[in-house]
Every structure is written in structure tokens, then in C-alpha cells.
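Undergrad: The sequence isn't on hand, but the structure is:
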DNA sequence: TTGCGGGTTCAAGCTGGCTTGAAGTCAAAT
DNA sequence: ATTTGACTTCAAGCCAGCTTGAACCCGCAA
């Protein structure tokens, strides 16, 4: 009933067979049947793999993704909330990065790190122990 | 004039001496003087290191950061613009990730991948060749 | 019967950005 | 004279998430 071998499963998911073997070895695909020593995948496993694929694509680690699937009862919600919060932080950080880069673009010199007084002042503060986070916090 | 050894440089920047040696080996800190075989860092190198630190912190690779510093004339602007565009993409992707996770939270079941019809439908489409990007594109 | 396409295992390699460890050098302080 | 402490080099290890390679098995078709 609907069991397909590793090659077909990999094709349907757009993954490499070696990746599926790796997931197996890591214990991320839970229980899969074997026929004559060969891995056979059913709908459950394929969906699990699909979930891993999405979750990994959106930045979760494979372990976290598997933890969400394996959490008993409603516990997965906590993990998901944590991940959403982490992504919030990530966005904030990336926006800070864009500010930094955009600001650099506004500098009229050809070698900002050598010629731009503002940039040099910022860099010199870093050299004197100010952390990147402190700098970022200032400019918010 | 103002030359400090690697340990002090590392302290001031909040980095590990081994990281500075690694940057040296990779050719990322351009030219630094040696005194009796020891690396000595002047203001120029410290600023360069500070720039690498910021740039790396905001998500650029060390190679990219060095490329920005070493680009002749105004060429660094192009690299910076590319990086800003990449970060735009990243933010879009992360927001998509948040949508996915938030949507999952709305599901009332305890095991979405097994019990939630909407989730299962989505996963089954992935199993049939739809890419994650296609799914994301639909929901925009 | 031979070959082919798919599977299997295990071991090693890859990326990036370092860290860690072993063994040696060197100047200054005791 | 010796010990400390900071430095040097080179080699190897670490993380995730795989890929690649070698050597082997297995069933089916020509």
C-alpha cells in the first residue's frame, strides 16, 4: 500500500537520496519500513519529510523541526512561538544591517574605511571596546 | 607609533587572538607589520578589523566584507547594493517563515502534521513536486 | 550469463569561521 | 639562571547538513 523506494521519494520531494539516508541515520524520519533491506516510504513519512523540508527552508534546524513534530500534546506550540520570536530578532538585526550598509552608501568617498570621517569614528569606537550591539542600539 | 601586539588588539576588538591569526592567514587583514616575528597592529589594521567585525556581524561573509574594502574606486558600492538586495530577499523569506509558523499555531490539533487537514494538504503538495518557493509565492 | 539500474554500508570530504593543542621562541622580571 | 607570559607555527577538530566514493547486493531483461 503506497510504499515507494528511496529514489522515488527523493524525486517527489526534490531531495537527494543521500539526504534521506542521512535523515534516517540521524533518526529524523522516525520509523520507516524496509523491504529486502531497502527503505520504503509511505504517506506518513513523506509528509514528515515535507515538513522537515519546509521547516528547514524557513531557517529551522532539522533537530528543531523534528522536535516540533515529536513534541507530546500541545508542547510544540512553545517551540514554534520561540522560533517566531527568534525570527523577529533576526529581522531586526537584518534591518540594522541594511541601515549600516545604506549609511555606507551615502558616504561620498571611494574608500569609506579610510576616508570617511563618520565611518572612521564608528570603527574607532569598536576598536575601543564598544560592541556592535551597542552601536546598533544607539541608532534605533 | 601606536603598534600593539595581537593580544591587545584582540582585547580591544572583542575578538580572539586565534581569529586574528586566522584573518591574517586568509589574507583578510592586508599588510600588517611584524616586530621580531610578532604581528603588530596599527590604527589602519584595527579599523579594518572593526569593519570586518561589523560586516560579519550583520551577515556578510568575511570574503565579501574584504571585497568591499578592497574594491578599487567606487566599485564597492555595487557590492554593497547587492548585499542590501540580498538582505531584502532574506527579510521577505523570513516573513514568509513567520507566516508559516503563525499559521501552524492557529491549527487547533495537537499534531498538525498528522491531524490538521490544511497542513496535510500543503505537505502533500510538497510531496508531489511543488517547491517551497511556489507555496510561498501563492500566499503573497 | 551478463549487465544494468537501483539499492545498501561505511568512511571520508566539503563549506565557513573559527578553536584547540602541541611544541617552540623570546624578552622581561625574579 | 630560570621562570613566566605572550607570542609563533602547524595540524587537527568542531558545527550542520549533507555529498561523494568505494565496494557490495539484488532482481530483472536481453
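TA: Perfect, I can see it now. Predicted model, so just to flag it, every value in this text is computed and none were measured. Numbers count the residues shown, from 1 in each chain, chains lettered A, B, ... in the order given.
Undergrad: and residue A:2, how many neighbours?
TA: By other Cβ atoms under 10 Å in any protein chain shown, 9 other residues sit near residue A:2. C-betas here are computed from N, CA, C, even on glycine.
Undergrad: can you pull the contacts of it?
TA: By Cβ atoms under 8 Å, 6 or more residues apart in numbering or on different chains, the contact set of residue A:2 is A:42, A:43.
Undergrad: That one belongs to a helix?
TA: No. Counting by DSSP: H, G, I helix; E, B strand; the rest coil, residue A:2 falls outside a helix, being coil.
Undergrad: Model confidence for it, exactly?
TA: For residue A:2, the pLDDT comes out at 86.
Undergrad: Likewise for residue A:139?
TA: At residue A:139, pLDDT is 68.
Undergrad: For the residue of chain A found nearest DNA strand C, give its distance to residue A:50.
TA: Nearest to DNA strand C in chain A, going by Cβ to the nearest atom of the strand, is residue A:7, at a distance of 2.2 Å. Residue A:7 sits 17 Å away from residue A:50, taking Cβ to Cβ, to the nearest Å as the criterion.
Undergrad: More neighbours: which of the two?
TA: Legend: neighbour count by other Cβ under 10 Å for residue A:7 and residue A:50, higher for residue A:50 (26 against 12).
Undergrad: Could you identify the helix or strand that succeeds the host helix or strand of that one?
TA: If you go by DSSP states H and E, residue A:50 is part of helix A:43-57. The helix or strand immediately downstream of helix A:43-57 is helix A:62-70, counting by DSSP H and E.
Undergrad: That next one vs helix A:43-57, what angle?
TA: 130 degrees (axes from the mean of the first three to the mean of the last three Cα atoms, to 10 degrees).
Undergrad: What are the contacting residues of helix A:62-70?
TA: A:23, A:26, A:28, A:30, A:48, A:51-52, A:55-56, A:60, A:76, A:79-80, A:83, B:111, B:113.
Undergrad: Identify, from those residues, the entry nearest to DNA strand D.
TA: Minimum distance to DNA strand D across the contacts of helix A:62-70 is 5.4 Å, recorded for residue A:56 (Cβ to the nearest atom of the strand).
Undergrad: Show me the helices in chain A, by range?
TA: A:6-13, A:17-26, A:43-57, A:62-70, A:76-106, A:112-115, A:117-127, A:132-138 (DSSP state H).
Undergrad: Apart from its neighbours in sequence, what residue is nearest the most centrally placed residue in chain A?
TA: Note on chain A: the residue nearest the mean C-alpha position is residue A:59, at 2.0 Å, using Cα atoms, centre = their mean. Nearest residue to residue A:59 in three dimensions, chain neighbours excluded: residue B:97, at 5.6 Å (Cβ to Cβ, 6 or more residues apart in numbering or on different chains).
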